[in-house]
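> based on what follows, work out the 3D shape:
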Amino acid sequence: MNRRHFLKNVAGAGAVCSAGSLVTAIAAENPAAKVPEPRTDVTSGIADFIVRTKYPDLPPELIDLGKKSMLDAFGLAIVGAQSKGSRILQTYLGNLGCTNGAARVLGTKQRQPLRFAALANAVSIHMEDFDDTQLPVPNDPDFGQVIHPTAPVFPVAAGLADTRVVSGKEFILAFHVGAEVACKIADACASRAYKAGFHASGIFGAFGSAAAIAKLRGFDARVTGNALALAASQASGLAENFGTLTKPFQVGHAAEAGVVAADLAELGWDGSRNVLEAANGFFHAYGGSYQPSYLVNKLGLPWSFVAPGVAIKPYPSGAVSHPAMTEIARLLSVEGIKPDEVRQIEAGTSSLIPQYLRYHEPRTGLEGKFSMEFCLAVLLLTGKAGLGEFTDAVVGRRDVREMMSRIRFYVDPEAEAPNQSRNTTFLKVHLKDGRTFASKVEYGKGSPINPMSYDEVAEKFLGCTNNAQWPAKKAERIIGLVRNLENLRDVATLTELGAA
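Now for the predicted structure:
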């Protein structure tokens, strides 16, 4: 019984659905959900964290991890700006007549008001689905979601640095405060949110964006709380739009929503003081429940970028495809398997993974990003899976489609076991000569278990800027400035290198 039918039945029985009974009804529908005792300190606690956190509170390890994600996002903004979707959006923004803004649309000559620059840059960063990914709460299938934390937060801080003097330390602090807020709220929300079809990055990213601006503008706790309330009411995004231009738009909207929330709150707009935890609030509306222990007194303890960590993608496809792709790349390199030797590949995962990798016969490059069959087939055939492989032309190739037919992607009961990571893939590669390579893979290259170094991220960055035909001197200068970001007196020195 779905939630709508359940509540209809409750109402039909003469029940009065007050705020408290609504929570009880949701719990009865989903017994696995852990409904916490009512609280009034969750939203205010987040606002206090945003206000009180200072640069010395950031451990050196966190700062180094953040630099990799920021450099990664910068390169993706430049290459993403050349995409079909970003060009459509740039045309739309130009038609609005808002050409007197101060914030740069990276990879272009455009300047826009902050809200529109944040929208455009976040769309570009997420356009190729190549941006970093937060790992969810481990070993708890009832809570946590997979989100892209940098795409909705970095553009807001970068855009604000174009409108006022922002030091490197202030920029780093705002970025990490915003990303931490987004990640921890995602951790605490019941997993029903993504199971019901919500796009986690579009929803939780709005909070990260609002938090980053609140920090850079020096809001007090009251104004910050109002910004969070405004962000909550704008949070949106549907997983049904994966594989279309609307998926990156949802991340862009999250960045824009945070700007709108902060702008209005600064002018005196108000909202619920308990917007997250209230019975009619965010957590119960989106998730049906939440787990305070993943959020209350946990912000920065530890920082999500440190543990469980954030993965930087080696491939421009859904992150849950990367464990299997990493193993295929290893077999190609170490075992020397050849495409024509492969009889069949079996990739077994939990039931969560097919919700994201939902295209079993993709027809476009965008759909290919969310197809386990295509990701493995193109890697097997070409030995690579970069920006040049996720195109309509490559997806339509006869040899690619034939290889896809040899790949069985299925739900493996063993991957559903409580002790398994939600990203676990059981991979079997059967060769025509009778040999079989079997492996269990939990993490792909770029994950905290198998991380990229700063130099490896810089190599990925240069791949993006080369693809966009960006001046090499500018690209090398960006790499150097981000590496020493804390020493910058004015981050505009960095963002101006992203202007065409």
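> what mean pLDDT does stretch 266-279 have?
Rounded to a whole number, the mean pLDDT of stretch 266-279 is 98.
> distance between the ends of that stretch?
27 Å (CA to CA, to the nearest Å).
> dihedrals phi and psi, residue 370?
Here is the backbone geometry of residue 370 (degrees, to the nearest 10): phi -120, psi 40.
> gap between it and residue 165?
41 Å (CB to CB, to the nearest Å). C-beta: built from backbone N, CA, C; applies to glycine.
> where do the helices sit along the stretch 151-300 of the chain?
154-161, 168-188, 192-195, 200-217, 221-234, 246-267, 282-286 (DSSP state H, counting those that start in this stretch).
> do you know which of the ones you listed lies nearest residue 88?
helix 246-267 (9.9 Å; CB to CB).
> which of the residues in the closest one are buried?
For helix 246-267, burial by neighbour count (16 or more other CB atoms under 10 Å) applies to 246-263, 265.
> ok, stretch 303-313 next?
For stretch 303-313, by 16+ other CB under 10 Å, it's 303-305, 308-313.
> gap between the two ends of it?
20 Å.
> could you give the mean pLDDT of that stretch?
96.
> kindly state the pLDDT recorded for the residue nearest to residue 83 when sequence neighbours are not counted?
Once flanking residues are discounted, residue 83 sits nearest to residue 127: 4.8 Å by CB to CB, 6 or more residues apart in numbering. Residue 127 is assigned a pLDDT of 96 by the prediction.
> and what of residue 325?
97.
> so it versus residue 369, what's the distance?
According to CB to CB, residue 325 stands 12 Å off from residue 369.
> now residue 498
24 Å.
> ok, those two, which is more surrounded?
A count of neighbours by other CB atoms under 10 Å puts residue 369 above the other of residue 498 and residue 369, at 27 against 23.
> test my guess that that one contacts residue 247.
No - here residue 369 does not reach residue 247: they are 9.1 Å apart, not a contact under CB atoms under 8 Å.
> what residues do the two have in common as contacts?
residue 129 (CB atoms under 8 Å, 6 or more residues apart in numbering).
> looking at the protein, which helix or strand is least sure?
helix 3-12 (a mean of 36; mean pLDDT, DSSP states H and E).
> what's the burial count for the residue nearest to residue 383 when sequence neighbours are not counted?
Excluding the flanking residues, the one nearest residue 383 by CB to CB, 6+ apart is residue 332, at 6.0 Å. Residues lying near residue 332 (other CB under 10 Å) number 16.
> and residue 342, how far from residue 266?
58 Å.
> same check on residue 500?
Going from residue 500 to residue 266 by CB to CB gives 31 Å.
> what's the answer for residue 220, then?
Here the distance between residue 220 and residue 266 works out to 11 Å (CB to CB).
> try residue 461
Applying CB to CB, one obtains 34 Å for the distance of residue 461 from residue 266.
> same check on residue 290?
According to CB to CB, residue 290 stands 28 Å off from residue 266.
> with residue 145 instead?
The value you get for residue 145 to residue 266, if CB to CB is used, is 29 Å.
> now swap in residue 474 and tell me
From residue 474 over to residue 266 (counting by CB to CB), the distance is 34 Å.
> residue 157 now?
Counting by CB to CB, the separation of residue 157 from residue 266 is 16 Å.
> likewise for residue 147?
26 Å.
> residue ranges of the strands in the stretch 401-500 of the chain, please?
Using DSSP state E, counting those that start in this stretch, the strands of the stretch 401-500 of the chain run over residues 407-411, 425-431, 436-441.
> kindly provide the whole-number mean pLDDT of the first one.
Spelled out, it's strand 407-411. 97.
> quick one: strands adjacent to it?
strand 342-349 (parallel) (DSSP bridges).
> now do the buried residues in the partner strand.
Those would be 342, 345-349, for strand 342-349 by 16+ other CB under 10 Å.
> can I get the next helix or strand after that strand as CSV, trimmed to CA atoms?
The helix or strand immediately downstream of strand 342-349 is helix 352-356, counting by DSSP states H and E. These are the backbone C-alpha positions of helix 352-356, laid out as CSV (Å, rounded to 0.1, in the frame of the first residue of the first chain):
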residue,chain,number,x,y,z
LEU,A,352,19.2,0.0,-5.2
ILE,A,353,21.6,0.1,-8.1
PRO,A,354,19.1,-0.6,-10.9
GLN,A,355,17.1,2.4,-9.7
TYR,A,356,19.9,4.6,-10.8
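> tell me the helix or strand right after helix 352-356.
Of the helices and strands lying after helix 352-356 in sequence (DSSP H and E), the nearest is helix 365-368.
> other SSEs contacting that following helix?
Here helix 365-368 touches helix 372-382, helix 392-395, going by 3 or more CB pairs under 8 Å, 6 or more residues apart in numbering; DSSP states H and E.
> now the stretch 151-300 of the chain, which segments are flagged as low pLDDT?
Across the stretch 151-300 of the chain, nothing is flagged by pLDDT under 70.
> doesn't residue 147 fall inside a strand?
No - Residue 147 is assigned coil when assessed by DSSP: H, G, I helix; E, B strand; the rest coil, not a strand.
> show me the contacts for it.
133-134, 182-183, 186, 200-201, 204-205.
> could you rerun that using 7 Å?
Residues counted as contacts of residue 147 (CB atoms under 7 Å, 6 or more residues apart in numbering) are 134, 182-183, 186, 200-201, 204-205.
> which non-adjacent residue is nearest residue 161?
residue 491 is the one closest to residue 161 (CB to CB, 6+ apart), at 3.8 Å.
> mind checking how far stretch 387-400 is from the chain centre?
On the basis of CA atoms, centre = their mean, to the nearest Å, stretch 387-400 sits 25 Å off its chain's mean C-alpha point.
> kindly report the same for stretch 374-382.
On CA atoms, centre = their mean, the centre of stretch 374-382 falls 24 Å from the chain's centre.
> next one: stretch 139-150
Distance of stretch 139-150 from the chain centroid (CA atoms, centre = their mean) equals 10 Å.
> distance between the ends of it?
End-to-end distance (CA to CA), stretch 139-150: 24 Å.
> and stretch 315-324, by the same measure?
Criterion CA to CA; first-to-last residue distance in stretch 315-324 is 12 Å.
> cool, stretch 376-391 as well?
15 Å.
> so residue 481 touches residue 488, yeah?
Yes - assessed by CB atoms under 7 Å, residue 481 is found in contact with residue 488 at 6.5 Å.
> which residues are in contact with both of these two?
residue 494.
> about what we covered before: show me the buried residues of stretch 303-313 that map onto strands.
310-311 (DSSP state E).
> from the buried residues of stretch 303-313, which two are the most distant?
303 and 313 (20.2 Å).
> now the residue nearest in space to the middle of the chain, nearest residue through space, not along the chain?
The centre of the chain sits closest to residue 148, judged by CA atoms, centre = their mean, with a distance of 1.1 Å. Distances taken as CB to CB, 6+ apart put residue 201 closest to residue 148, at 4.4 Å, once the chain neighbours are dropped.
> contact partners for the one you found?
Applying CB under 7 Å, 6+ apart, the residues near residue 201 are 147-148, 151-152, 237, 251, 254.
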